[in-house]
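Asker: got a predicted structure plus its sequence, pasted below:
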Amino acid sequence: MTTPLGPTRILIADDQEDVRSGFRLILGSQPDMTVVGEAADGLTAVHLARALSPDLILADIRMPVLNGLELTRRLAGPDVPNPMRVLVVTTFDHDDYVRTALHDGACGFLLKRSGPGLLIEGVRAAMSGDILISPQITVRLLQALAPAPAAPTALSPLTAREQEIALLVAKGLTNAEIGEKLFISSGTAKTHIANVQAKLKARNRVGIAAWAWENGLAGPVPRE
């Protein structure tokens, strides 16, 4: 997967025309993004992806003919010689869907209700090699990933402000919400998160949140 020189070329796969139209308007409003194709079912999306070679495919999960999980496996799976970037954007946030999509190469898992800001952020994160997961899913993932929290670590690689950022990430806040909470811009929040990620060698927000839970910054992992 290479980084495009021009705008990110995006293929939208969703069986609802109004959703495709909404995504097209949101993404088309960004100077660094362009929609090059649309598909109402997974199999058509696979054929279009191979014909158009987009930089990124936005894929719903529940689509006719071929669902988004199988689409992800075919285009981004571990056995694919030249994997494509697939960002799952769906209404359904079942844990098995999340795990399967990420295992089969998805470069993010977003909920449609997360809003346009996170959609744009998810596309940019995918193109920069990161994995963005909707904050609403983060805590649930931690229930499976994080061990029982330890006492706060005496020596932390993070500054006091970075620990504060890590705590807010663990609570599932978006960049914009973190910025509002700390009276900084969302861009500054994004920079802080990138610094935290680098210091912790975390792959994504879930890694940051797991560190916060494991080190006792956020208390015990909530149970449903």
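Answerer: Thanks, I have it. Numbering: from 1, shown residues only.

Asker: what's the residue closest to the geometric middle of the protein?
Answerer: Central residue of the chain (Cα atoms, centre = their mean): Leu132, 2.2 Å from the mean position.

Asker: I figured it hits Ala126, correct?
Answerer: Yes. Leu132 is in contact with Ala126 according to Cβ atoms under 8 Å; the separation is 7.1 Å. (Glycine included, C-beta is placed from N, CA and C.)

Asker: mutual contacts of these two, please.
Answerer: Counting by Cβ atoms under 8 Å, 6 or more residues apart in numbering, the contacts common to Leu132 and Ala126 are Gly108.

Asker: give me the distance between Ala189 and Trp211.
Answerer: 17 Å (Cβ to Cβ, to the nearest Å).

Asker: the two: who's more crowded?
Answerer: Trp211 (26 against 23; other Cβ atoms under 10 Å).

Asker: give the contact list for the more buried one.
Answerer: Here Trp211 is in contact with 166, 200, 202 (Cβ under 8 Å, 6+ apart).

Asker: pLDDT score for it?
Answerer: Here the pLDDT value assigned to Trp211 is 83.

Asker: for it, pull up the helix or strand it's in.
Answerer: helix 205-214 (DSSP states H and E).

Asker: ok, now which ones touch Thr90?
Answerer: Thr90 neighbours (Cβ under 8 Å, 6+ apart): 60-62, 68, 97, 109-112.

Asker: pipe these into CSV and attach secondary structure per row.
Answerer: Listed next are these as CSV, based on DSSP: H, G, I helix; E, B strand; the rest coil:
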residue, secondary structure
Asp60, coil
Ile61, coil
Arg62, coil
Gly68, helix
Tyr97, helix
Phe109, strand
Leu110, strand
Leu111, strand
Lys112, helix
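
Asker: farthest pair within those residues?
Answerer: For the contacts of Thr90, the farthest-apart pair by Cβ to Cβ is Arg62 and Leu110; their separation is 15.0 Å.

Asker: neighbour count winner among those two?
Answerer: Using other Cβ under 10 Å, the more surrounded residue of Arg62 and Leu110 is Leu110, with 25 against 14.

Asker: I'd guessed the more buried one sits against Ile120; true?
Answerer: No. Applying Cβ under 8 Å, one finds Leu110 not in contact with Ile120, separated by 10.4 Å.

Asker: tell me which strands and helices the longest helix along the chain is in contact with?
Answerer: What stands out as the longest helix in the chain, according to DSSP state H, is helix 186-200. For helix 186-200, the elements it packs on are helix 160-170, helix 175-182, helix 205-214, judged by 3 or more Cβ pairs under 8 Å, 6 or more residues apart in numbering; DSSP states H and E.

Asker: now what about stretch 18-26, what contacts it?
Answerer: With Cβ under 8 Å, 6+ apart, stretch 18-26 has contacts from 12, 14, 35, 38, 40, 58, 60, 89, 112, 116, 119-120.

Asker: lowest-scoring secondary structure element of the chain by mean pLDDT?
Answerer: helix 135-145 (a mean of 64; mean pLDDT, DSSP states H and E).

Asker: list the buried residues for stretch 8-24?
Answerer: 8-15, 19-20, 22-23 (16 or more other Cβ atoms under 10 Å).

Asker: using TSV, lay out those together with distance to Gly77.
Answerer: What follows is the buried residues of stretch 8-24, written out as TSV (distance: Cβ to Cβ, whole Å):
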residue	distance to Gly77
Thr8	22
Arg9	21
Ile10	20
Leu11	17
Ile12	20
Ala13	16
Asp14	20
Asp15	22
Val19	25
Arg20	24
Gly22	28
Phe23	24
